[in-house]
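Student: Prediction below, plus the sequence it came from.
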Amino acid sequence: MNVNDYLIVATIIFCIGAVGVLIRKNLVTIFLSLELMFNAANLGFVAVSEYLNLISGDIFVIFIMVVAAAEAAILLGIAIAFYREKGTINIDDANELKF
Amino acid sequence: MNSKDLIVWLIPFFPLLGAILWGVFGKYFKNYSGYLGSIFIIISFILSVIIFFIVAYGHGFSSTLYPWVYASYFKVNVSTTIDRLSVIMLVMVTGISSLVHIYSIGYMKDDKGFARYFSYLNLFVFSMIMLVMANNFLLLYVFWEAVGFCSYILIGFWYEKKSASDAGKKAFIVNRIGDFGFALGVMLIFITMGTLNYSTVFSGIHLLPPYLITTIALLLLAGAVGKSAQFPLHVWLPDAMEGPTPVSALIHAATMVTAGVYLIARCHVIFSYSPDASYVVLIIGSITAFMASFIALTQFDIKRVIAYSTISQIGYMFMAVGVGSYAAGMFHLLSHAIFKGLLFLTAGSVMHGMSGELDMRKMGGLYSKMKITAITFIVGGLALSGIPPFSGFFSKDAILGDVFNKGDYFFWVLGELAAFMTAFYIFRVIFNVFFGESHVDKNLHVHESPKIMTIPLIIMASLAAVFGFVGFPPFNHSIFYEFINKDFTNAFNFAPAVNNVPWYPLSAISVIAGLSGIYIAYVFYIKKSFNLEKLKNRFKPIYDLSYNKLYVDEIYDIVIVNPMKNFAIFLWRIVDTLVIDGAVNGIAQYISVTSSKVRKLQNGMLMSYIFTLTVGVIALLAYYFVR
Amino acid sequence: MSIFLKYILSIIIFFPLLSVVLLFFVNKKAEGLLRNLATVLSLVEFVISLFLFIYFKSNTYEFQFVEKFGWIREFGATYFLGIDGVSLFLILLTTLMTFIALLSSYKYIKDHVKEFVILMLVLETFMLGAFASLDILLFYLFWEFMLIPMYYIIGIWGSGRKVYSAVKFILYTLAGSLIMLFGLITIFILHYDQTGNFTFNLLKLYNTNIPLTLQIVLFIAVFIGFAVKIPLFPLHTWLPDAHTEAPTAGSVILASVLLKFGIYGFFRFAIPLMPEASIILTPVILVLAVISIIYGALVSIFQKDLKRLVAFSSVSHMGFIMLGLFAMTAVSVDGSVIQMINHGISTGALFLFVGMLYERSHTRLIADFGGLAKKAPILAALFMIAVLSSVGLPGLNGFVGEFLILVGSFKQYTVFTIFATSGIIFAAVYLLWMFQRVMFQDITNQKNENFKDLTLREIMTVLPLIFLMFLIGVYPDIFLSRINPTVVHFVNIIEHNKYAYNLIKAKMGLFNA
Amino acid sequence: MLDLTQMYNGYFLEKSILSIMPETVLIVFAFIILLLGLFKNVKNVENSYYLALIGTAFSFLYLFMLSNRTIHGFYGSIIFDKFDIFFFTAILLSGFFTLLMSKNYFDTRNVLIPEYYSLVLFSVSAMMLLVSSVNLIMIFLSIEFMSIAAYILTGYLKGESRSTEGAMKYFILGTFASAFLLFGSVFIYAATGHLNLYKIHNFIFRQNYDKIHYIYNLHTFLAIGLILFLIGLAFKMSLFPFHTWTPDSYDGAPTPVTNLMATGIKIAAFGVFIRVFTSIYGLNVLNFYNILWILAILTMTFGNFAALLQTDLKRLIAYSSIAQAGYILMGIIAGGYYGISGTLFYLLAYIFMTAGAFAIVVMFENLKLASVNIKSYHGFGFKYPFTAAAFSFFLLSLAGIPVTAGFMGKFFVFTAAIKSGYYWLVFIALLNSAFAAYYYFKIIVKMYMIDNQSNNSTIADVIDSSNGTSANGQTELTKENLAASALVVAIIICLIFTLLLGVYPQPFINFAAKSVTSLWNI
Amino acid sequence: MEALFYIFSIIAIFSALMVISVKNPLTSALYIILCFFAIAGFYILLNMQFLAAMQILVYAGAIAVIIVLVIMLLNLAKTKGAIKDFHQIVIGIIAVGLLFLEVILYLNATGEKKPTGIYTNAIINKIGNTQIIGEFLFTKYVFPFEVASVLLLVAVIGAYIFAKK
């Protein structure tokens, strides 16, 4: 089991997440795709630190998890506020600021 | 600064003082400006006579006032050279201008620009004096332009008349065209000789290669042609008659227009070393003499007739200096100054009597009304047409004789023809104005001019009658020639006389020419034995040619002026506005259009933002991928 | 006194700023007080600057009244002032013209007087600083900030399409000077590479030797910066607009001082820093100069707007100056330096007169005038003198400069000189025709029936200029004697480099086509 | 295996605590303010404002107490050196200006709750942490910390959909970018096996020496890692094409917050980028210089082009700040002692001029302004001479006209760039700043040169309607209340420093240079 | 091992694809939980059992719950119209496909030079990964830990500020 394989899987998940961010219009779904990307990073870190016999990568993963949680909280807030104003969480409705 | 220098510098000082006084405080002086101005000029006339005798019985000298322009190796002083040539000119200028001043007091009596007039006139006299006294080319050039400017403001003296201000502008610009060449000549002299002082230049000019000398001479000639209204730059002088008549007498007959001849005489060394240039001078002179007198045949405006005759007389002078007989040229210059000034002044007095009428067809039989004017006019006419013993006879025949003896027969013939026509047109004027039946409309009361105008006429008339004898007998051994030739020592060394015909047969021929001219005029206008109208119709093309001044102005308009005009407008409208400024604004336009496109990138759509970001990522990765 | 003379340049430069500080505390309602105060202060400034003239040693080309303090150690920039014969007279011109401009705008400037006088004085400070500074960075500071007050003056008190003109002016010149900055910094860096220490000291930078090809590039960069200011032929289109729309004071300062910076820059920076390149490019520049002479003259013949006409005429005159400078003979450079002063005086006077006409009849179109000489003889006479000095009539200042320029450049560049000389004729044509249409003939426009003659203040405004016209025309030696040593030194440098350049040419067979 | 004894070593603890003292102070004050928020009474808004100011002051104090010391705290996960001192000063300044503006801004709209100030303090401390962190974990954490605070502040205006929208866009894009940052650090980690910048530096350095750096997978790992990491940072520096969040969130956010983002966040991002650059990218592993200067050119050009026709003042300054980022990047690319110190100087100048401009914007908004649309500024220049003159001065400084800080900054940066041979880059930058001047001058035109008889109502008119007695100039001093004077204080400070940096930059250059020296003694 | 790796990866990729493709956000939330589980499986393969546990707890527990909470709160469960314009999708997929290709093309080659640390699986197993992580977390990375705590606090404040009326 080469580290490359893990990295490839991570990359695939990362890219799927990126696609999701690109094509979805729903705020929540976009956030889910972002979480996918974060998880890809996590996977990469764990794989690499195992491959290099290091531990710091795993620590990093923990912090990433914390940040992800924090951002989930922020998303909660923003989604609610946005919904309150627009009645939807479709990001296409956010087009007041332009040019 | 010893007494001689003091006198020399006082001569220009008084007219300058006058100019400043009347110019600035004119309205406090009113009429005194006229008298005081005349007194100033008379003082400087006396001073110049003194100088004349100092030089005549001593020798020439030069005096420096102050260093003018000292730019590294370009050094020019304000200084004068006083030799026989300049003192003669001084005396002539101051003398005639004092007479004209006195005359003007009467002529301009009730003109509201009285003081202004005298300040201009004094300014002109100052400039003219400095012009003849200058001892280097730059100073000469300066006052050369200064007199041009004075004639500009004097021609346009009555600036309300569009024709007057136009004429002034035309005079200035045509002169500028001549001065363009003159300035180039001065520069060429400086860069070849390294100095502009007459003495140094003349003593060293023979060291230059001939083509350079010729170039310099021709460039100087351009200036002379412009100033002396020679062909092809003669067009400004007839229009200049818009100015007050005394101005025409002083500037456009006696002094300024002859400055060209003075210049060539002054630079006789240069011209002597360049036969080609002298030949060009001769050609120009003879063409002008012939052409101008031809035009003068059919003009009806008295002053225009006299103006054209001035042009042609100066043509004679050019012929003289062209063949290298500078003495004869100067001689004719002086005598011409006298009798042509006289003619103008009398014409002015006729105008004054006729309250401004100039068309000879509306005159006639004035002899009884204004005797003094008539007689003086006739004296002037005789002098002009070269009838002995009047001054014109001696000077003109001296010239023609020299031309003949130098072997330039063709030009001699031209000269004789011109002399014939001269006699004709001037007596045409005389007969039409003073004799025959009167065409003056009745309610116009014709009167003789006041004393203050007639006295100068009489003085000048008597001068015109007797002056010629200082040059008798012609060629080389008369008072005048002995006096002046001391300055033209190396003048004859390039044109040896091919044949030595004595003066009386030649002058007999020209006298015959003159007399026949007078006779034909008499036949035409007194006896009326021909029907002039029929004659006119038979020679219609020639008549029109003469009447329309050979169409020179029109040709200039078509060939030079209009193309220039269109080119200028093209430059302004097309090149400047469209091309250059268009390019600048076009760039600005382009930038703003681009920016309005660029702003569209920021279209407010989160989707597209993410897309942009992703594209950026891909591009960066691709950079390394393809690397 | 000795202290005063030691720091006189700084005093002269910063006195206007101090006056500005004083003016801040004047209530903006008290317009008369503001005007008088500003005018008096600028007069005091002029008087102070006369001390320079008095104590100037006219027998040396060395820089005088030198002051030097540390400024930015990192880049070796210093507060380094000093003047020579050229900048001396430009400084005098600046102080005089500012005074006159302030005096002339009593009637023209009706609103926002406080802002106006403050801006004028600020402008003066920066112009003086630019003329006096011998440190490139310092010079650039003064040089570029100078645009801002001018921009305000044009834009606020201008007329017609003032905004367009102001923006065009500032963008044009800004672009030019930024490109110039590029060249200057590059030279600075080259000097660092050669000597290993940073310095903006001009006298040290003179010794930088720049490889020829790079030198040409840099020269073009710097050339653009200065040529826009002059303005030289293809880069001139900002000038007519700016002149036309600017208020009288603005046009006067613009014409008589700001345009000089281009020439001054060439004289002080471009040519000595990059001599070989300037020698190589001389023919090109001369062609441009001659084109500007004739082009400006021809274009201005048919202008309908008086100010536009004068603006184009100054394009033509600056062409003369450029010709004289780049002919690089002592005489011609002398001529162009004195012609700088002349152009400042004559064109400034012309703009003043146009402004007076405008104040009276609120139009600048030539067609609306005519026959004014009858109503306003004094105006006519003085205007005539100004016109003639601009035409270059001998006896007035214009002639001396032009003739020296032409004589100096005749030997080496005969053809150019002949063409340039023809510009004199055109000058007579357009100026005299303009004068005739404005002053002579009969009054066509009924509005001018009750046309007022000059007031005493206006006569006072123009009289110094008229006096100077005669003074320079009749006795230019007091100017030339101070200018000449500097110029001779300058020309010697160029000659030396010409020699060096010929060596290079011989070595690499460059440009022998 | 690490020794746990260190944990209980007092000296170690003291050292580590000292290394984070300035941030700690801020965080402590932020907590105090939060606690204050529990007691609902009217005064506590005032109090929290003053508390925040005091906190900033204390932080400054500690900064000066700790100056010219170099401390590696907490096993080298954080560092405190002269470089930090410079950037802490800058960031605290921007925080200080933000506070000054905020009071005034939120008093006019009464939506404020005390948490605001604590959030400002949090984000400021996060920026400081970001600058002083030398560890990928710390970098990631503090970037996220900073960003989260920024998201909240951006969306702070309740009931204003623009604000929420700005926050939303900022949030999504920011998270997206930090995902790239993370993924990049994965690959860096994979290539080098380190998370500490200096260790990474040493590793790459050694690799370069051993000539084995072209062993393929290390090489490619490094390539991907560095690129993706760069993207994460470039997003915070708002370089083209990662700038897209900038205009919208600047526009949507309350103006003081915009100021915080435009000055603080950008400076912090540049600070950390300079650290990373000098330690990693500066080694020019995969000749990053090309890509960087392409980015610089694109950024400045885009910023200027987009700002050219902009009429909304906040957006205009946002775009111009993008362009400024391009210029700043030039200095970093030029690199070396002069490049970096020039960059630092430019950043300092940038703070003063941008903060000043934003203070003016706040003033405009407070003057009962319909919009910050510059079309409505006719006649403003003469009604409010002080404000208008100050604004013009800031604009000139942004345009880079001499005797202003902006010129000196540009000058140093360009000189450094030419010194390292980037002629074309400098040339393009000069052309850019030439036509960039247009839109700065456009505002001046609007304020001074458009005559007042245009039909649409101008600011001046609005103000006149709002309170009759504002004819004479110095009204904005007596405008609302004392709070307005805080704004005036901010403007005056910015004005003085903008002028000072432009006229006598020597001391500030010394400051920058001294702080730069500590970058290379790794 | 091999088999497990492939199973996990197939599950992960499949569920990830489902996350971004299904209409209903609630469904995708459930799918992402599945994905998280698969990744936790990877952690176990890489013998980081502690992290696997964390993954389940934090992600599948906390975060997913928050998401579902959001969905329920704003009852988005029946919001349709997730995927409309296809060119958007095509562009997105192409773009990211390129990204993917590049990364993969970098990754395909492998060399054998790795900087290696001391924490081999043996050591980790000997000490126990939980303890190691704990030690590191509270010694070497104590400061990030503190920062993270503050960060969480700020996030909470943020959520409160946004959500409150």
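Tutor: The structure has been received and is ready for your questions.
Student: is stretch D:176-185 anywhere near chain E?
Tutor: No. Under the criterion of Cβ under 8 Å from any Cβ of the partner chain, chain E is not reached by stretch D:176-185; the shortest gap measures 9.0 Å. The C-beta positions use only the backbone N, C-alpha and C, and glycine is treated the same way.
Student: And what about D:Phe240, helix, strand or coil?
Tutor: Under the three-state scheme (DSSP: H, G, I helix; E, B strand; the rest coil), D:Phe240 adopts coil.
Student: typo on my end, C:Tyr79
Tutor: Here C:Tyr79 is recorded as strand under three-state DSSP.
Student: Count the residues that sit near it.
Tutor: Applying other Cβ atoms under 10 Å in any protein chain shown, we find 17 other residues in the vicinity of C:Tyr79.
Student: Spit out the contact partners of it.
Tutor: C:Glu67, C:Lys68, C:Phe69, C:Gly70, C:Trp71, C:Asp135, C:Leu138 (Cβ atoms under 8 Å, 6 or more residues apart in numbering or on different chains).
Student: Redo the residues you listed as TSV? Include secondary structure, distance to C:Leu203 and neighbour count.
Tutor: Below are these laid out as TSV (DSSP: H, G, I helix; E, B strand; the rest coil; distance: Cβ to Cβ, whole Å; neighbours: other Cβ atoms under 10 Å in any protein chain shown):
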residue	secondary structure	distance to C:Leu203	neighbour count
C:Glu67	strand	14	18
C:Lys68	strand	11	13
C:Phe69	strand	16	9
C:Gly70	strand	16	11
C:Trp71	strand	16	19
C:Asp135	strand	10	24
C:Leu138	helix	13	23
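Student: Quick check: of those residues, which lies closest to chain D?
Tutor: Nearest to chain D out of these is C:Trp71 (Cβ to the nearest Cβ; 7.1 Å).
Student: Name the SS class of the residue nearest to D:Ile450 when sequence neighbours are not counted, please.
Tutor: Take D:Ile450 and drop its neighbours on the chain: the residue closest to it by Cβ to Cβ, 6 or more residues apart in numbering or on different chains is D:His378, 4.7 Å away. Assigned by three-state DSSP, the conformation of D:His378 is coil.
Student: thought B:Pro388 was touching B:Ile512?
Tutor: No. Judged on Cβ atoms under 8 Å, B:Pro388 makes no contact with B:Ile512 at a distance of 11.9 Å.
Student: follow-up on the earlier one: would you check how far apart the residue nearest to D:Ile450 and D:Met447 are?
Tutor: Noted for D:His378: a distance of 8 Å to D:Met447, by Cβ to Cβ, to the nearest Å.
Student: wait, what's in contact with the residue positioned nearest the centre of chain E?
Tutor: Closest to where the C-alpha atoms of chain E average out (Cα atoms, centre = their mean) is E:Phe36, at 6.0 Å. Contacts for E:Phe36 (Cβ under 8 Å, 6+ apart) come out as A:Asn39, E:Gln55, E:Ile56, E:Tyr59, E:Ala60, E:Ala64.
Student: From C:Leu81, how far out is the closest residue to C:Phe80 other than its chain neighbours?
Tutor: In space, and not counting its chain neighbours, C:Phe80 is closest to C:Asp135: 4.1 Å by Cβ to Cβ, 6+ apart. Using Cβ to Cβ, C:Asp135 is found at 8 Å from C:Leu81.
Student: Can you tell me the element the closest residue in space to C:Thr329 that isn't next to it in sequence falls in?
Tutor: Among residues not flanking C:Thr329 along the chain, C:Gly408 sits closest, at 4.4 Å (Cβ to Cβ, 6+ apart). According to DSSP states H and E, C:Gly408 maps onto helix C:397-410.
Student: Next secondary structure element downstream of that helix?
Tutor: Of the helices and strands lying after helix C:397-410 in sequence (DSSP H and E), the nearest is helix C:414-439.
Student: Specify the angle between that next one and helix C:397-410 in degrees.
Tutor: If you take axes from the mean of the first three to the mean of the last three Cα atoms, to 10 degrees, helix C:414-439 sits at 160 degrees to helix C:397-410.
Student: Give the next helix or strand downstream of helix C:414-439.
Tutor: Using DSSP H and E, the helix or strand that follows helix C:414-439 in sequence is helix C:456-474.
Student: And the next helix or strand past the host helix or strand of D:Thr220?
Tutor: Using DSSP H and E, D:Thr220 falls within helix D:216-237. Next along the chain after helix D:216-237, taking DSSP H and E as the criterion, comes helix D:245-252.
Student: Report whether the very next helix or strand once past that following helix contacts chain A.
Tutor: The element immediately downstream of helix D:245-252 (helix or strand, assigned by DSSP H and E) is helix D:255-259. No. Shown here: helix D:255-259 not in contact with chain A (Cβ under 8 Å from any Cβ), separated by at least 12.3 Å.
Student: Restricting to C-alpha, output helix D:255-259 in PDB.
Tutor: What follows is helix D:255-259, C-alpha atoms only, in PDB (Å, rounded to 0.1, in the frame of the first residue of the first chain):
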ATOM      1  CA  THR D 255     -16.900  50.500   6.600                       C
ATOM      2  CA  PRO D 256     -14.700  50.100   9.700                       C
ATOM      3  CA  VAL D 257     -14.600  46.400   9.100                       C
ATOM      4  CA  THR D 258     -13.700  47.100   5.500                       C
ATOM      5  CA  ASN D 259     -10.800  49.200   6.800                       C
END
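Student: Summarise which helices and strands that helix is packed against.
Tutor: Packing partners of helix D:255-259 (3 or more Cβ pairs under 8 Å, 6 or more residues apart in numbering or on different chains; DSSP states H and E): helix D:82-108, helix D:136-154, helix D:313-334, helix D:336-366.
Student: Could you count how many residues lie near residue 2?
Tutor: Using chain A here. Using other Cβ under 10 Å, A:Asn2 is surrounded by 10 other residues.
Student: nope, chain C
Tutor: Neighbours around C:Ser2, by other Cβ under 10 Å: 5.
Student: pLDDT below threshold where in chain C?
Tutor: C:1, C:503-513 (pLDDT under 70).
Student: what about the longest helix in it?
Tutor: Scanning chain C for the helix with the most residues, using DSSP state H, yields helix C:162-195.
Student: Quick one: name whatever helix or strand follows that helix.
Tutor: Following helix C:162-195 in sequence order, the next helix or strand is helix C:202-205 (DSSP H and E).
Student: mind checking how far the next helix or strand after that following helix is from the chain centre?
Tutor: Counting by DSSP H and E, the element after helix C:202-205 in chain order, helix or strand, is helix C:212-229. Put simply, helix C:212-229 sits 20 Å off its chain's centre (Cα atoms, centre = their mean, to the nearest Å).
Student: Stretch D:316-334 now?
Tutor: The answer for stretch D:316-334 is 11 Å, by Cα atoms, centre = their mean.
Student: And it, what's buried?
Tutor: Neighbour-count burial for stretch D:316-334, counted by 16 or more other Cβ atoms under 10 Å in any protein chain shown, picks out D:316-334.
Student: No further questions, thank you.
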